Structure formats: C-alpha cells, structure tokens
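Engineer: Whatever this is, show me its structure:
(chains A and B)
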Amino acid sequence: MRSAALALAFWLAGAGAVAAQTPFLSKGWTFDEPDGASLYAHVCSACHRADGEGMTGAGTYPALKGDPRLASTDYLIAVLLGGQHAMPALGRAMNDAQLADLVNFVRSTFAGENDDPATPQRAAAARAAFKR
Amino acid sequence: MTMKPPRTPSRRQALTRIGAVAGGGAVYRLMTSLGFAAESTFRGPIRLEGDRRGVSVLILGAGLAGMTAAYELRRAGYKVQVLEYNGRPGGRNWTVRGGDTYIELGGARQVCRFDDGQYLNPGPWRIPYHHYAVLHYCRLLGVALEPFVQLNHNAYLHKPDAFGGARQRLREIKADYSGGVAELLAKATNKGALDDDVTKQDREILLEALRELGGLDRDFRYRAGPAASAFRGYARPPGGGLSARPENGEPIKLSDILTSRLWEGLQSSLSYDFQTTMFQPVGGMDRIGAAFGRELADVIRYNVKVVEIAQDVRGVEVRFEDAGAGGATGTARAEWCVCTLPLSILSRMPAPFGASMREAISALPYAPAVKVGLQFSRRFWEEDDHIYGGISYTDQAIRQIGYPNSGFNQQGKGVLLGAYLFGGANAYEFTAMAPEDRVKVALEQGAQVHPQYRDAFETGFSVAWARAPFTLGCAADWTEEKRAQHYDNLCAIDGRIALAGEHASYIPAWQEGAILSALDCVQRLHARAAAP
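Structural biologist: Numbers count the residues shown, from 1 in each chain, chains lettered A, B, ... in the order given. As a prediction, this is how the structure comes out:
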C-alpha cells in the first residue's frame, strides 16, 4: 500500500482537500435536499468538488467551472435527466423544483449565468420529453 | 441504475421492493433479467490451442479481469505486459489493514489504525458457491477460503419506525412470518377456499406441510408453544437440572410484521446470489489479487497511468505517465490489447474506437457505493448479543452491519462493516461527506442497533467508490434497454483492442463477471490472432 499512497500523492498533489460538508441524509431513494445549493453540496460535490473544479485520478470528473456549455440551461437539464458518460441521470431522483433550482445554482455559481433561468415547468417539460 | 425515480431503483434495491409486492417468483424472474441470478458459465480451465509464442498483448489494468487475461495468455505463449495505476495488484479486489494510507479523490487522506489481523474489504467481500471461475483461480493459486455467513438467524432487523425502534431478532421475524402465513393458508384450505386449486388428496399433504414447516400446532394455529418455539426459539431456553423447563415466547402478530415491513430484511439470503455456501478468503479478499500479482510479478508495471490509447492495423500504442519516474510519459506497444479500465475512466480518454464501441463505452452510468469499517475494543456482538458472523439490516442510511466471519468466540477486538450503501440518494450523500463524517454517521446510526458502539469504538475507515482514484465509481449500472442496445458492441473486438471487466459481463459488480469476461475475451482474441 505504501507505493500506492505515494503514487496517489503524486497525482493528487496540488489538489487541496475538499472542504467538508455537514452531512445531509435523505429519507428514501430520492433526494430530499431543499434547494440547488444544498443539492450541489451534498450530491454533486461528491464528484465535481465543492468548488466545481472537478477531480482527477486515473480518470477525470470534469470541472464545471469554466465549462462553456453551462451557457445553455437546456444542456444542463438534459445532462441531469439523461446522464452523461459515467454520470447517472441524477435529475430523475429530484422533483422539478429541485432540478430547476440546481440548474440555476450551477449556472450562476460556476458560469456567472443568471439569465434564461430554469423553471419547474421547463424541467417538467424536459422530463416528459425524456420519458418518451 | 442508481438514480432513477423511486419506481425504478437500482438492482439490489429493486429486489427488495419487488419482493415486497410480487413474491419470490417475480424476484427470481427480475434477477434473471437483470443478469443477477444467471449461473456462472464457467465449465473449467480454458485451453488456448496452438503456438502463439512471441505474439504480444498489452493489458490495461491489473484487477481480476486484467490479471486473468495476463495469466491465461502468458500460459498460451503470448508475450504479455500489464499496466496498472495503483501500486498494488487487484483493483477493486482490495483489503485495508492497519498502516495502510489511502488518499481519495478530493484529497482527503486516511491512515488505517486497525490492529494487526483486523481488516475491511471495501469492495467485494463474499463469493457465492456458484461463482465457479473465482473458486477455480482460488484453488489454482492457493488462496484459502472460509465460510462467509450471509444469513445469521440471531442477527437483527431494525427500522426506527417499527416496533418503537426496538431491534428484532431475524429468527423471530422469520419464524413468525412463516408461521403466520402458514396458519392463514391452513385456514383457507380448511374453509375450502382452495378446493378449486388443490386436489382432495393434496389438501391433506398441504396441511401437513404447512404444520411442519410453519411450526403450527395440532389445530393448525401458530401460537406460543413447543411447535412455534422449535423455530422461533424460547423465552427461556431448555436447560439442565432443576432450571431445565423451557418457556415458550409469544409470537409477534403477523399484522405487526406486515406493517413493520421488517420482512424485507429476510429476502437477501433467500436469493440465488446469497444462498449458502458463501466464502471469503482467509485474511482478506485481496489474497486473490495478491496471489495473481505474485504469479505475474515480472509482467505487471505499477504506478503508471494510461492517458491515451491508439491503434492501427499492426497494433496498439498506449501513452502513460509513470508516477515512479516523476510523471515522465512513456509508451507501450503490442500487437493486441485487452483493456480492463473502468468505463468511467475510459469514456473520457482519447481512444481509437469505432462509433458503436464508442457509444457503448459512453452509455453506462457508474453506481456509487460506500463502505465503512469500525474497530471496537471488544466483540460485543458476540459477547452480549450472541451474533457470530452474518449481517443485521436497518433501513437507516447505513443499511447493513456486517459482523466478522472469523475469530469467533475469542476475547479481543473486531472490525464491523458499519455501513454498506449501494446506489440511492444516501450513497451520493455519504460520498460527498468527509471520511471522518462517514464514520461519525455510521457510529450514530449503528448505535441505534448496538448501543455498545458508544463505549467500545476505537477507530474507523471509509471508502466511497465514486471517489476511488483508480475506478471513479463502484460498478457499471446496466439496464435491460442498455444491454439490448450496447452490450454486444461493448464486448466486440474493435480492431486490435478488446474490453474486459465486470462491465463486460452479465454478472456486473461481481468478481465472477470480471473473470468470465476476461476468459471470453482472450479466447476470442486468440482466435482472431490466429486468423491470417
């Protein structure tokens, strides 16, 4: 294990430890977090980091910060409802209000985008389209 | 998958839910359709006929799939080379012991403080008797096995909102559920409600079977008495001398069991994947990876990170970074390549696959899973609760408490599996926590089942698989639709590269799937390499 730790220390060097979150636990199978900020903190940050910089080991969880695709509200809704690569379709375990608020939080926090906000109605329409 | 709406939860969770409404037949059908209950196709060691001396194969990943491929190809005369990101063999086949250091993605660093002889298997921890390929290689490589106790009748079932939060012995829930249902069925039979479905001759036999298997009395009632106690145990067990006379306990009412839903905890040990006999390697699951690693010591290169894969008609070229050489890049070439990198890693790597393969690689979400190991100063579950191995179930986030399956009935310390989350909201939420918070929550919730946690806890360790730097996830999360669309493409040989791993199997998240996919892969690669 020592050599493994050395290797990891090498690859992870420079990446400061992620700030710890106060634990939050949903009651059931779906997410109970009340808003976008808490959804990001207790779910998304598991892979994209609290600061949106993503994480890299043998592979990479992409950074959200600076991703030009965040300009599109519809893009983010689609990723959350359809998943992307290894990312599960986490938006399916959120209700429309949660989904919309998370999209707005991520766009605002990591791309400075506040126009064209997601709404629960828009999330619902996208969800219906996904169900086919 | 992990994060679908509540109506389509992850496989393992789905089994519990479906069992809730549809009974065993439906569960079995579902398991089969999800690739769960399929019997291993392993029928003995493979034979790669013909001389391939000197033909080169590059294998990416020294997990069980990669090492199986390397082992078999080398035996057939191929020149093999394995590249591994970690500094150890095994991949997800992994055991954590005292002194081990682990840095997860995000930078949190843990040093395991377990005592000598104590360990946690953060990944696979049990081997079904019908995982023939795993058992074959254990035999071949001299890995000693011991029983893994899946079902312990004396373990607990617990829900904070059932029976006032009081833990219940699995044995009593199981016996009283069976007895209650048998009584109902006997009643229906005697009322003639089943006359259209059961012949008169069979009716007598049915009643006899219900009585004998359900613990009913002479009048086909399930109630306190010797027949019920024979299954559910005693309020005061039989003894010797003047204190000998047993006392029968009062069964729990069927309606209380039904509404409590504690019967959900009875399901796993009934299902094919978890029936007796199950095994674990003596000393830790990583004994398997270590044994492969010893065999292949001269062909595995550790601490190298694959960053790009390229191929042309003549062969494969892989670019890597070598942590041992300060991150210097290097290349490895071979005529063929077996790639066992998890798709969570491969899908974001420059790699030269055709469209259908590329789509398949990008189509699979990875499920999160979390385990927490807790060391205690004494084995209170044995000393106080008389639980020797097995698993208690709770519907708190931690889901399970797994007891050590060795070192029984001795004084001393022990490590419990204090949490095992697989999919669902809580698995993400646990992953997002700092490692010490995962331990803290496991302690708080576990203490609802075992109050002794508070006094006896010493040290903990947690692994959240989505933050494991070498996998970025626990396992590929297949659905029926995805299998129909992508599975054959994922397993096809693309030019000079073939994929192997649990993701390329119908037994996902199990070591057997990884090994079987490697065996299937090298046989097809061998045939392809022989073709003119």
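
Engineer: Got phi/psi on the spatially most central residue of chain B?
Structural biologist: Nearest residue to the geometric centre of chain B (C-alpha atoms, centre = their mean): B:Pro124, 5.1 Å. The phi and psi torsions at B:Pro124 (degrees, to the nearest 10) take the values phi -60, psi 140.

Engineer: what are the ranges of the strands in chain A?
Structural biologist: When assigned using DSSP state E, the strands of chain A occupy the ranges A:55-56, A:60-61.

Engineer: Rebuild those strands as CSV, extending it with mean neighbour count.
Structural biologist: Quick note: C-beta positions are derived from backbone N, CA and C, even for glycine. Formatted as CSV, the strands of chain A follow (neighbours: other C-beta atoms under 10 Å in any protein chain shown):
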stretch, mean neighbour count
strand A:55-56, 22
strand A:60-61, 21
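
Engineer: B:Arg524 touches B:Ala498, doesn't it?
Structural biologist: Yes: using C-beta atoms under 8 Å, B:Arg524 is in contact with B:Ala498, at 6.7 Å.

Engineer: Please list the residues of the stretch 101-250 of chain B that sit near chain A.
Structural biologist: With the criterion set to C-beta under 8 Å from any C-beta of the partner chain, the stretch 101-250 of chain B comes near chain A through B:Thr101, B:Tyr102, B:Ile103, B:Leu105, B:Gly106, B:Gly107, B:Ala108, B:Arg109.

Engineer: For stretch B:224-239, buried residues please.
Structural biologist: Going by neighbour count (16 or more other C-beta atoms under 10 Å in any protein chain shown), the buried part of stretch B:224-239 is B:Ala227, B:Ala228, B:Ser229, B:Phe231, B:Arg232, B:Gly233.

Engineer: for that stretch, what is the average pLDDT?
Structural biologist: On average, the pLDDT along stretch B:224-239 is 97.

Engineer: do the same with stretch B:129-143
Structural biologist: Taken as a whole, stretch B:129-143 carries a mean pLDDT of 98.

Engineer: Check stretch B:505-517 too.
Structural biologist: 97.

Engineer: And for that stretch, what's in contact with it?
Structural biologist: B:35-36, B:38, B:40-42, B:63-65, B:68, B:93, B:124, B:127-128, B:131-134, B:137, B:273, B:288, B:340, B:367, B:474-478, B:491, B:499-504 (C-beta atoms under 8 Å, 6 or more residues apart in numbering or on different chains).

Engineer: got it, and stretch B:158-169?
Structural biologist: Against stretch B:158-169 from outside (C-beta under 8 Å, 6+ apart): B:153-157, B:233, B:252, B:256, B:260-262, B:392-396, B:448-449.

Engineer: any idea of the mean pLDDT in it?
Structural biologist: The average pLDDT within stretch B:158-169 is 98.

Engineer: can I get the CA coordinates of stretch B:418-437 in CSV?
Structural biologist: Output in CSV follows, covering the C-alpha atoms of stretch B:418-437 (Å, rounded to 0.1, in the frame of the first residue of the first chain):
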residue,chain,number,x,y,z
GLY,B,418,-20.5,-0.4,9.8
ALA,B,419,-22.2,0.8,6.6
TYR,B,420,-22.7,-0.6,3.1
LEU,B,421,-24.6,1.7,0.8
PHE,B,422,-25.1,0.7,-2.9
GLY,B,423,-26.9,3.2,-5.0
GLY,B,424,-29.7,5.6,-3.9
ALA,B,425,-29.6,9.2,-2.6
ASN,B,426,-27.7,8.2,0.6
ALA,B,427,-24.8,6.7,-1.3
TYR,B,428,-24.2,10.1,-3.0
GLU,B,429,-24.6,11.9,0.2
PHE,B,430,-22.2,9.7,2.0
THR,B,431,-19.7,10.1,-0.8
ALA,B,432,-19.9,13.9,-0.5
MET,B,433,-19.1,13.7,3.2
ALA,B,434,-15.5,13.8,4.6
PRO,B,435,-14.3,10.3,5.5
GLU,B,436,-14.5,11.1,9.2
ASP,B,437,-18.1,12.2,8.9
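
Engineer: Read off the pLDDT value for the residue nearest to B:Glu429 when sequence neighbours are not counted.
Structural biologist: Leaving aside its sequence neighbours, B:Glu429 sits nearest to A:His42 (C-beta to C-beta, 6 or more residues apart in numbering or on different chains; 5.1 Å). Per-residue confidence (pLDDT) for A:His42: 97.

Engineer: Quick check: A:His42 touching B:Asn426?
Structural biologist: No: look at A:His42 against B:Asn426 with C-beta under 8 Å: they stay out of range, at 10.2 Å.

Engineer: All the helices of the stretch 251-400 of chain B, residue numbers only.
Structural biologist: Here the stretch 251-400 of chain B has its helices, by DSSP state H, counting those that start in this stretch, at B:254-260, B:286-295, B:343-346, B:355-363, B:380-383.

Engineer: Poorly predicted segments of the chain, please.
Structural biologist: Let's take chain A. A:1-21, A:132 (pLDDT under 70).

Engineer: oops, chain B please
Structural biologist: Looking at chain B by pLDDT under 70, you get B:1-39, B:532.

Engineer: Break it down into its domains, please.
Structural biologist: Listed domain ranges for chain B are B:56-83+B:301-364+B:478-530, B:96-154+B:276-284+B:367-467, B:169-260 (source: automatic domain parsing).

Engineer: Now do the end-to-end distance for the last one.
Structural biologist: I take that to be domain B:169-260. The straight-line separation of the ends of domain B:169-260 (C-alpha to C-alpha, to the nearest Å) is 14 Å.

Engineer: try the longest one
Structural biologist: Chord length of domain B:96-154+B:276-284+B:367-467, first to last residue, is 16 Å (C-alpha to C-alpha).

Engineer: before we move on, what about stretch B:210-219?
Structural biologist: With C-alpha to C-alpha as the measure, the first residue of stretch B:210-219 is 11 Å from its last.

Engineer: Tell me the buried residues in it?
Structural biologist: B:Leu210, B:Arg211, B:Gly214, B:Gly215, B:Leu216, B:Asp217.

Engineer: Keep only those of those that are in helices.
Structural biologist: B:Leu210, B:Arg211, B:Gly214 (DSSP state H).

Engineer: Which one of those is nearest to chain A?
Structural biologist: Proximity of these to chain A (C-beta to the nearest C-beta) peaks at B:Gly214, which lies at 33.0 Å.

Engineer: quick one: the residue lying closest to B:Glu247 once chain neighbours are set aside from chain A, how far?
Structural biologist: Nearest non-adjacent residue to B:Glu247, counting by C-beta to C-beta, 6+ apart: B:Arg236, 3.9 Å away. Shown here: B:Arg236 relative to chain A, a distance of 39 Å by C-beta to the nearest C-beta, to the nearest Å.
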